[in-house]
Structures are given as structure tokens and as C-alpha cells.
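For reference, the sequence and a predicted model appear below.
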Amino acid sequence: MGDKYFERYEKHFPDADIMSRDLGHEELLMKYPEQWAQDIKRCCGLPYDNEKALPEPMSYRREKKRFFETHSYKTADVNGATFNYLDGGKGDKVLVFLVGGLGDPELAFPYIKAFEDEYRMIAIDYPYAYTDAVQLTEGIIGLLDVLGIDKAVWIGASFGGYMAQELAVKHPERTAGICLLSTAAISENVLGTLRKKYKVTAPVH
């Protein structure tokens, strides 16, 4: 029915578990009544027949809800700042996910789910107590100390990619690897843009 309907649902039913289907008006009910019944049962949390049901569509909200049924935020105080972080898995190798400028660790939950069978994966926020990227870098290293982690693979997305590069350059002894996505190399041009963009929340020197 289009994005405008999703916007309307999000506005009036912010906690709704939306299960979208690419079908015409009442097509699911009229053509696939048995499958429709399974969808209703699934949405209501009732037992349903998975063999009769249509494949479950992807839902970020639903998957996030399931994730937080078995995971929860933890906190750690580091150099006068409080980190909120997600910590999943128990592998020998540690992956630290550095999210974009919003600093929302839960954005990394699909990656934690994907990797935690083999690795320990941590996703962190960016405490506002740190006033520049240098303090944030040292704070992240301090968090590793608090958690008893010697080395980590830095996985950086967007602004997190800049932080991953900063951590790798400033602390190679704490770096087991680096993975960058949707970001850029730190150059003078990029630094100029960063200084303007993050001059309040995370000044770059």
C-alpha cells in the first residue's frame, strides 16, 4: 500500500508488529485463507503451523524484539563517562562494532546475532561526557581494560569508521584487525568536513 501507510501505522501504533505482504487488497485472505490464519496466529503469539504458513517476511522491529528477549544493555564507567553497550558471544576473538554518528548500539544487533556463535561481539554508544574524538578513543580503550580485553577487531560504520582508524593508528597494540564500511579514509579533506559536522558532539582535532 505504500510508504505513507507504514508512516501512518508507525505514528498511531508505534509498537505494532507489522508483517507486510506484497499482495493486492484482501488477496491473502481470499486466495490463501489457511496461510492468512497462520499469520494471524503468529502475530498474536499463538501456536501456528509453520508448514502451512507463508515464509515469514523480514521485520526489523520483530527481530529486534526477539533479540532483546535474550540480550540486554550493560553499563561500564570509564574515566568519568558511562558506556552503554551490548555484549554477545564468548569466542576468543573480540569484535567491537563502532556504529555511526547516532551512537546507537542496537543498530548492530543483526551482526551480533550473526557472529556471536563464533566470536564475542560488543557494540557501544558514544558517551556525551567525552568532548572530542581523542577522549572518545581513550575511553574506548579504557572500556577494553574494564572488560579485560587485550585486543579487538574494530568494525566501523560511517563515523564509526573514522573512530576505527583512529583506534588502529593510536593503539596498534590493541588492534587485532580493522573492518570499515560506509565510511572514508581520514584525509585532510575528510577531517575538514568532520570538524564542521561534529564540532559540538565530538570535535575532531
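Yep, that arrived. Numbers count the residues shown, from 1 in each chain.

The residue of the chain most remote from its centre and Asp49: what is the separation?
In the chain, counting by C-alpha atoms, centre = their mean, Met30 sits farthest out from the average C-alpha position, at 38.4 Å. Taking C-beta to C-beta, to the nearest Å as the criterion, Met30 is separated from Asp49 by 20 Å. All C-beta spots, glycine's among them, are computed from the backbone N, C-alpha and C.

do Asp117 as well
Asp117 sits 28 Å away from Asp49, taking C-beta to C-beta as the criterion.

what bridges to Arg120?
Under the criterion DSSP bridges, Arg120 forms beta bridges with Val94.

Now for it, how many residues are close by?
20 (other C-beta atoms under 10 Å).

so what's it up against?
Counting by C-beta atoms under 8 Å, 6 or more residues apart in numbering, Arg120 makes contact with 87-95.

Can you pull the phi/psi pair for Pro33?
When quoted as degrees, to the nearest 10, the phi and psi of Pro33 stand at phi -60, psi -40.

Look up how far Glu118 lies from it.
42 Å.

Tell me which of these two has more neighbours.
Glu118 (13 against 9).

Identify the residues contacting the closest residue to the more buried one other than its chain neighbours.
Spatial nearest neighbour of Glu118, excluding adjacent residues (C-beta to C-beta, 6 or more residues apart in numbering): Gly91 at 5.2 Å. Applying C-beta under 8 Å, 6+ apart, we find Gly91 in contact with 116, 118-120.

Just give me the closest of those residues to Phe68.
Relative to Phe68, the closest of the contacts of Gly91 is Glu116; by C-beta to C-beta it sits at 14.0 Å.
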